[in-house]
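Colleague: Okay, here's the prediction I keep looking at, along with the sequence it came from:
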There are 2 protein chains.
Amino acid sequence: MVVERRKPISIGEAVVRVLQYPLQLEVEHVHIGTSLDRILAEDVVADHDVPPFDRSPYDGFALRAEDTRHASTDSPVTLEVIEEIGAGQVAKQKIEAGQAIRIMTGAAIPEGATAVSMFEVVKETKRDTKATIELKRSFKEGQNIAKQGEDTEEGSMLIQKGTIITPGVIAILSTFGYSNVSVWRKPRIGIYATGTELLDIDEPLQPGKIRNSNAYMIAAQIRNMGGEPVYLGKLADDFQTCFEAVKSSIEVYDALITTGGVSVGDFDYLPDIYQELGARTLFNKIAMRPGSVTTVAELNGKLLFGLSGNPSACFVGGELLVRPFILKSMQSNPFLAKTRATLSKDFPKPNPFTRLVRSQVNYSPKGVYVTPTGLDKSSSVTAIAEADAFIILPGGTRGFMAGDEVDVMLFSKESSSNPWEV
Amino acid sequence: MVVERRKPISIGEAVVRVLQYPLQLEVEHVHIGTSLDRILAEDVVADHDVPPFDRSPYDGFALRAEDTRHASTDSPVTLEVIEEIGAGQVAKQKIEAGQAIRIMTGAAIPEGATAVSMFEVVKETKRDTKATIELKRSFKEGQNIAKQGEDTEEGSMLIQKGTIITPGVIAILSTFGYSNVSVWRKPRIGIYATGTELLDIDEPLQPGKIRNSNAYMIAAQIRNMGGEPVYLGKLADDFQTCFEAVKSSIEVYDALITTGGVSVGDFDYLPDIYQELGARTLFNKIAMRPGSVTTVAELNGKLLFGLSGNPSACFVGGELLVRPFILKSMQSNPFLAKTRATLSKDFPKPNPFTRLVRSQVNYSPKGVYVTPTGLDKSSSVTAIAEADAFIILPGGTRGFMAGDEVDVMLFSKESSSNPWEV
């Protein structure tokens, strides 16, 4: 048997090739109450001024500034309180000379008023049977009045399309009346797990077999990316079965992911399937560990992701390639954010290829630290579960020591910048 | 009118008081496919060894190490290939002296084999009509064999209860057969928005009124925290209406949140409602900005959160108090993580109380930077939407300058450490 020689390309080049085939997604409308984590497909524009009217930022008294012009400690001014309004109420009367209206935070400034005095600087009094207030200081025109439109003018662009809908975005959407929100349809990504060795999760173990863990993992990754994963089942290592499955499902879904079957073993059929389908292989080897056999092919503009059957390599392929592919068509931050952190343990392995090390970030008062989660063999099973970041160790380097500064990709932070050199 | 004097307590003290009333949650079971982001209510234990059997980590040939003892470049050893097995297959034959079995990555080591040779160091030959291989080097017993249980032994504790279910956790759950996962029931949190000034999102604007933005925002925050928000509607500023609504719903939900009505204005009825209900007020003033009027009361062990009607203050109250309250009963990281970052713009305001500044974190190759999002008045409407962190400026400090190191709380990173001093 001849071992196929594949030519590795850089991670950056692989990302560039994948991004040449953007998803074709339509806009759909969802109620604001179910819009969390969806991605805006239209700009959000102010449908009114903020504040929408001149309003009081304090509990106090609305008055005419000119009435207080001569007020002082020695010569206080007395005003008659003619009405009281809370937020949401509109005064029935206009303020005339010598009058004031008791007003609560957020209420509209009554007609005739040009300033607001806070409770704290007012003495409430009575004259005859009338409620009055006594003021020992003067107010300027417009003092303590939040002017209509001072925060935002009607028509202003508030949030750009491509933004993920967070609780803060929902506050803006509600303020401006977006009860139905335009979002991108979630891309539907089909998933097959390949390998005769795979058992379903609820099957008992059998000799030589292991349970299928990649399919549910990559489905969860896709859900986190804003896609809609559709698990299509597992496929035994049989060319014809796999071929038919791949051929029929790539027509139905926006993209197809398979796990396993992309290496150079005798039962790794995916490369042959891509060829038989007439798909164009974008690459079949990336200069990275794990996941170097990750393969992507294109058929009629749709992508077929052949991820490794090794769980860590499958995870890496999902975050590095499927993530920007899914997100680039919808939003402005399709990449995981890269930052620097201090390595907290030695990592002695040499790195012939760029190495992605599953690791955990710790934010301490002294700065950002990062620890590989899979250093000891005993924890390698749980290394993916404990990780919230990759350490990126460049290819061609030797081991790194505790205290070294390293590049880190954060799972929980998205970024607009492509972290890879091309 | 006498302005009520309230005694402010520290944020840390407020958190401690809230955490004295843990939620009473039961365990429920969900299918692994819908378990993403839920919180484990039982430890995950290995139901089998990993690897579950001795297996080959490479594509190659399984053989008897002793047969290769004298192999060298000058004197290669020839073995007969008697069978081929892929992953998931079990060899039908036992390897005897002078024999080998072609084996693929992940397949079980055949009986009789004590080592595996990779393809790359083997020459495939034929002798008569039989497939054979030629080896020019020796192998040690156990070489290139992944031993049963070397990664994880059956019965090992893998993931502790209280862990959020991420894609990596799902990989572990599937590997170990957890097709149904024990998770905590989501706490059901009732939400009322109070204020006569509030309009529904789809109502046209009216004089003196604004749209209700807090309810949908806090609902989304609660969803992010793993709770189940139930929006109960808005309430006008009327004591009896509010009283009846609060009284009946606190019996139904695990906790109740109201927005607005907790200040000292004439229509701020929540403090009186707590009193009339016989609820015990845990605090009604916190030494923080925004959100100093945030009030929490307790009735029959259930908490009533009176958050401010100001959107920023409402958001802060949710993240600082409701978050640890909801999460503490379910998981091990109930707080937002605190770290240090470099301020990228001057923040000139003095800070009589601890100030939480909505801000955006930027991870650059030089380190972590943070920028307030609401500095200019024009952007104050969108400041919450753009923020992914709070800057924490301690009370009693004056303005901070660009380049200063400041404490930051990250919205996207949870932590087990209480960030507040008590």
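Modeller: That came in fine, so what should we check first?
Colleague: any low-confidence regions in the stretch 251-400 of chain A?
Modeller: A:376-379 (pLDDT under 70).
Colleague: Around chain B, which positions in it sit nearby?
Modeller: A:263-267, A:309, A:311, A:315, A:318, A:337-340, A:361, A:363-368, A:377-378, A:380-382, A:384-388 (C-beta under 8 Å from any C-beta of the partner chain). Placement of C-beta: from N, CA and C, glycine included.
Colleague: Could you pick out the buried ones from these?
Modeller: Among these, the ones that count as buried by 16 or more other C-beta atoms under 10 Å in any protein chain shown are A:263-265, A:267, A:309, A:311, A:315, A:318, A:337-340, A:361, A:363, A:367-368, A:380-382, A:384-388.
Colleague: so who does the closest residue to chain B within the stretch 151-300 of chain A touch?
Modeller: Distance from chain B to each residue of the stretch 151-300 of chain A (C-beta to the nearest C-beta) is smallest for residue A:197, at 3.0 Å. Residue A:197 makes contacts with A:208, A:209, A:210, B:86, B:87, B:88, B:89, B:106, B:107, as judged by C-beta atoms under 8 Å, 6 or more residues apart in numbering or on different chains.
Colleague: show me what contacts the fourth one?
Modeller: Going back to what we said before, that points to residue B:86. Residue B:86 makes contact with A:196, A:197, A:237, A:265, A:266, A:267, B:104, B:107, according to C-beta under 8 Å, 6+ apart.
Colleague: The first one: how many residues sit nearby?
Modeller: Right, residue A:196. Counted by other C-beta atoms under 10 Å in any protein chain shown, the residues lying close to residue A:196 total 21.
Colleague: hang on, it is in a strand, isn't it?
Modeller: No - checked against DSSP: H, G, I helix; E, B strand; the rest coil, residue A:196 lies outside a strand; its state is coil.
Colleague: Quick check: the gap between it and residue B:151.
Modeller: Distance of residue A:196 to residue B:151, computed by C-beta to C-beta, to the nearest Å: 22 Å.
Colleague: can you check the second one too?
Modeller: Separation of residue A:197 from residue B:151 (C-beta to C-beta) stands at 16 Å.
Colleague: sorry, back to before: in strands, which of the buried ones among the residues of the stretch 251-400 of chain A next to chain B appear?
Modeller: In strands, defined here by DSSP state E, the members of these are A:337, A:338, A:339, A:340, A:361, A:363, A:367, A:368.
Colleague: any chance of these in TSV, plus distance to residue A:72?
Modeller: Output for these, formatted as TSV (distance: C-beta to C-beta, whole Å):
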residue	distance to residue A:72
A:337	58
A:338	62
A:339	58
A:340	60
A:361	61
A:363	55
A:367	56
A:368	57
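Colleague: can you tell me which of the residues you listed lies nearest to residue A:354?
Modeller: Looking at those and their distance to residue A:354, the nearest is residue A:338, at 12.8 Å (C-beta to C-beta).
Colleague: show me what contacts residue A:56?
Modeller: Taking C-beta under 8 Å, 6+ apart as the test, what residue A:56 contacts is A:62, A:103, A:104, A:105, A:106, A:107, A:109, A:116, A:144, A:145, A:146.
Colleague: Keep these, but drop any that are not near chain B.
Modeller: Among the contacts of residue A:56, chain B is touched by A:104, A:105, A:106, A:107 when using C-beta under 8 Å from any C-beta.
Colleague: hmm, back to that, between which two of the contacts of residue A:56 is the distance greatest?
Modeller: Using C-beta to C-beta, the contacts of residue A:56 span at most 14.2 Å, a distance reached by A:104 and A:145.
Colleague: For the stretch 151-300 of chain A, which segments are assigned as strands?
Modeller: A:157-159, A:180-184, A:188-194, A:198-199, A:210-211, A:228-235, A:255-259, A:280-283, A:288-289, A:295-299 (DSSP state E, counting those that start in this stretch).
Colleague: Dump those strands into CSV; add mean neighbour count as well.
Modeller: Converted to CSV, the strands of the stretch 151-300 of chain A look like this (neighbours: other C-beta atoms under 10 Å in any protein chain shown):
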stretch, mean neighbour count
strand A:157-159, 18
strand A:180-184, 19
strand A:188-194, 24
strand A:198-199, 22
strand A:210-211, 23
strand A:228-235, 18
strand A:255-259, 27
strand A:280-283, 17
strand A:288-289, 22
strand A:295-299, 22
